[in-house]
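Q: What follows is a predicted structure for the sequence shown.
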There are 2 protein chains.
Amino acid sequence: MSLSDKTAIAGIGCTEFSHNSGRSELRLTLEAVTAALDDAGLSPADVDGLCTFTFDNTAEIEVFANLGGRELKFFSRIDYGGGGACAPLQQAAMAIISGVAEVVVCYRGMNERSEYRFGAGGITPGTTAVRSWINFHTMHGLRTPAASMAVLMRRYMHEYGATEADFGQVAVSARRHAATNPAARFYEKPINLDDYMNSKMIAEPFRLFDCCQESDGAVAIVVVSAERARDLRKKPVLIRGAAQGACDHQRNMHPYYGRDITQSSESMLAARQLYQQAGLTPGDIDAAIIYDHFGPTVLLSLEAYGFCGRGEAKDFIRDGAIEVGGRLPVNTNGGQVGEAYIHGMNGIAEAVRQLRGEAVNQVQGARHVLATAGLSVPTSAVILGV
Amino acid sequence: MSLSDKTAIAGIGCTEFSHNSGRSELRLTLEAVTAALDDAGLSPADVDGLCTFTFDNTAEIEVFANLGGRELKFFSRIDYGGGGACAPLQQAAMAIISGVAEVVVCYRGMNERSEYRFGAGGITPGTTAVRSWINFHTMHGLRTPAASMAVLMRRYMHEYGATEADFGQVAVSARRHAATNPAARFYEKPINLDDYMNSKMIAEPFRLFDCCQESDGAVAIVVVSAERARDLRKKPVLIRGAAQGACDHQRNMHPYYGRDITQSSESMLAARQLYQQAGLTPGDIDAAIIYDHFGPTVLLSLEAYGFCGRGEAKDFIRDGAIEVGGRLPVNTNGGQVGEAYIHGMNGIAEAVRQLRGEAVNQVQGARHVLATAGLSVPTSAVILGV
């Protein structure tokens, strides 16, 4: 059995994205969930499932009680931060297919700029294997996610001849999309390649404009059966595929001891499952939301998800190929570099808007959109379609 | 669609249970997982899914890499501590039914006695709603789970006339089962009602012998499709039902503001789903593993899962009714009071042994066993069968 096409996204909801929301994460989450239910034409009493990230601070039962839910029959969490971005959709699909729940809301709400900052570095207490792994590398100078991921991209440059200017293409494209998206932090603030090359170096080869933002905000996504979605307010967006992936040598953020650090084995595993579930190939994908904690890693994902061969992404992205109008528009909302960083969930909302024909930077006739999650950690991805 | 009977438990594995394992939680977990795979006749390379508790310190990828796994296609976690005890089985069933994974291992490993202790009390840092909720009550003197749950049982005594001697029945029964279970902490150490009445008061009305242990150890459970299970080493134990439950006024550990604190609404919700999925009634259940963080709360569960009416559990348990040979043998391994406290997972292993006919305190001809999870938190439960 495949989970393909049995469930659909019926509603999406987002708060504004900011550097200081001025309200609690619970409040943000409730605003997003309420907006998503309104979008679907469903009420709080319809909700019987919730799924989020282990990193999320807002308990399912707090969301449920404050929302006005009645009976909660399903709740689960996915670990590994942004790597889990698409996995709540898979959870929702599985719960609905198995008859466990009927209306599952996936949510992520965070004051990641005003209350805490992921990129602050430092030693995290704890002696578990994963904590020790991270702390070991922190002590050796890889204090931040930017520093950790920079190692991969430096090697990628060496191996395949990718240049800073190539990486700049990703940033320029994202900012071009953000510039016409009123919800984006960098609305009306496009950059050109010169701006990029002059921007501050953060962790070589990552410049300021490569790094995702730190944001306050929340996003919620409502999933129901494909059948039920047809009777609701908005055009259903089918979950055509939903997969997770972690490889045999999987590490968390510091994958330096794998066989080849310039490829994302976990993404390749997710990709293989996705295309098989959906009966699609990379050539069928009309637009992609590629998780861009750091813009240059988009190149690794383009290769892992089969849009081009190993080391060829630098050529693939040239000449506006990943902008609206190009052969594979990527991060049409501006991505996490340009719109906001809500741990990948804002990208899923954008994928839904594209398939509904509601996006501010609309890809005409988009029928299949890929959304991915963080790499170099256990990952997840979905193909959505109409 | 119902998830009933589509998946089965093919293997179980446990370490020894102790107060000081002398090794890491990762090591304990690997021992249990390896034992469970051996029990099933499967190899590490067959495993493509893992599920555990958010409370578990051992990352899926550490288990997977050290086990020798190849491709990990599914990983998820359930929050709320012991309330989630049965939910990993539901996760496994959903993943297999949806075609996401084929061999899912549920695990829980902890040095909860030698490395840390849940019942130590004190303020936990953090400003989230759930943390604030717990800390608010801690500041007012409800420092430990025992103190929090004692409030419910005191009210229950007032409302229904249950006595300390009634609660003692639960403890005596559990210890009688533990006394003949070599894996149990209290092997060969039965107690009688006098011992119980003379045992130290911990948080009125809970005495020492009411409180679950603090234990080091690990348990793993292997789930595959019902079809595949038939070809494996051991007699398949079907997942006949698997449910979660949280009610509209659900609180975490301190449910004092609900409509009636003497009933477990979350358990009632799980029960309704379970019996519906399985097409069974309480009268069909041959034995039960009832989550006993505190023995007297077994009475609330017996009522919530429909074995007797409200307030009638004190009569139901009389005269050895919950011992082997009685009308509903409960916690035949000695429970968490008598065997060990591995967050409910050791009870699930016992349910499997009962259905295979491998239990040390065997219920003859057992065909359906209920296992429950912690109450007064979001909960979960399963009905297993042969």
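A: Cool, got the structure. Numbering: from 1, shown residues only, chains lettered A, B, ... in the order given.
Q: Could you find the closest non-adjacent residue to residue A:193?
A: Using CB to CB, 6 or more residues apart in numbering or on different chains and skipping residues adjacent in sequence, the residue nearest residue A:193 is residue A:168, 4.9 Å away. Heads up, the C-betas are built off the backbone N, CA and C, glycines and all.
Q: Please tell me I have it right and residue A:79 contacts residue B:59.
A: Yes. Shown here, residue A:79 and residue B:59 form a contact pair, counting by CB atoms under 8 Å, at 7.2 Å.
Q: So which residues on the stretch 201-350 of chain A come close to chain B?
A: A:242-252, A:269, A:273, A:277 (CB under 8 Å from any CB of the partner chain).
Q: The same query, at a cut-off of 6 Å, please.
A: Those residues of the stretch 201-350 of chain A that sit near chain B, judged by CB under 6 Å from any CB of the partner chain, are A:244, A:246, A:248, A:250, A:269.
Q: Mind pulling up the pLDDT for residue A:257?
A: Residue A:257 is assigned 86 on the pLDDT scale.
Q: Just list whatever residues bridge to the closest residue to chain B within the stretch 151-300 of chain A.
A: Per CB to the nearest CB, residue A:246 is where the stretch 151-300 of chain A lies closest to chain B, at 3.9 Å. Applying DSSP bridges to residue A:246 gives these bridge partners: residue B:72.
Q: What about it, how many residues nearby?
A: A count of nearby residues for residue A:246, using other CB atoms under 10 Å in any protein chain shown, gives 31.
Q: Please verify my assumption that it contacts residue B:72.
A: Yes. In this structure, residue A:246 is within contact of residue B:72 by CB atoms under 6 Å, at 3.9 Å.
Q: Look up the residues that both of those two are in contact with.
A: By CB atoms under 6 Å, 6 or more residues apart in numbering or on different chains, residue A:246 and residue B:72 have no common neighbours.
Q: any weak-confidence spans in the stretch 151-300 of chain A?
A: Counting by pLDDT under 70, the stretch 151-300 of chain A contains no low-confidence range.
Q: sorry, back to before: might one say that the residue nearest to residue A:193 is in contact with residue A:194?
A: No. The pair residue A:168 / residue A:194 is not scored as a contact, 9.1 Å apart, by CB under 6 Å.
Q: More neighbours: which of the two?
A: residue A:168 (23 against 10).
Q: Quick check: phi and psi on that one?
A: Main-chain torsions, residue A:168, degrees, to the nearest 10: phi -60, psi -30.
Q: In space, not sequence, find me the middle residue of chain A.
A: Computing the C-alpha centroid of chain A and ranking residues by CA atoms, centre = their mean puts residue A:344 first, at 2.5 Å.
Q: how near is that one to residue A:28?
A: Relative to residue A:28, residue A:344 is positioned 16 Å away (CB to CB, to the nearest Å).
Q: what does residue A:2 give?
A: From residue A:2 to residue A:28 the distance is 35 Å (CB to CB).
Q: contacting residues for the residue of the stretch 151-300 of chain A closest to chain B?
A: So residue A:246 contacts A:266, A:378, B:61, B:72 (CB under 6 Å, 6+ apart).
Q: hmm, try it at 8 Å
A: Contacts of residue A:246 were listed using CB atoms under 8 Å, 6 or more residues apart in numbering or on different chains, and they are A:266, A:269, A:378, A:379, B:60, B:61, B:64, B:71, B:72, B:75.
Q: sorry, back to before: of the residues of the stretch 201-350 of chain A next to chain B, which is the nearest to residue A:291?
A: Lowest distance from residue A:291 to these (CB to CB) belongs to residue A:244, with 13.6 Å.
Q: element containing the closest one?
A: For residue A:244, the host element (DSSP states H and E) is strand A:237-247.
Q: how far does that strand sit from the chain's center?
A: 12 Å (CA atoms, centre = their mean, to the nearest Å).
Q: quick one: residue A:183 and residue A:16 touch, right?
A: Yes. Judged on CB under 8 Å, residue A:183 makes contact with residue A:16 at a distance of 7.2 Å.
Q: And the strands in the stretch 151-300 of chain A?
A: A:201-203, A:206-207, A:216-225, A:237-247, A:287-289 (DSSP state E, counting those that start in this stretch).
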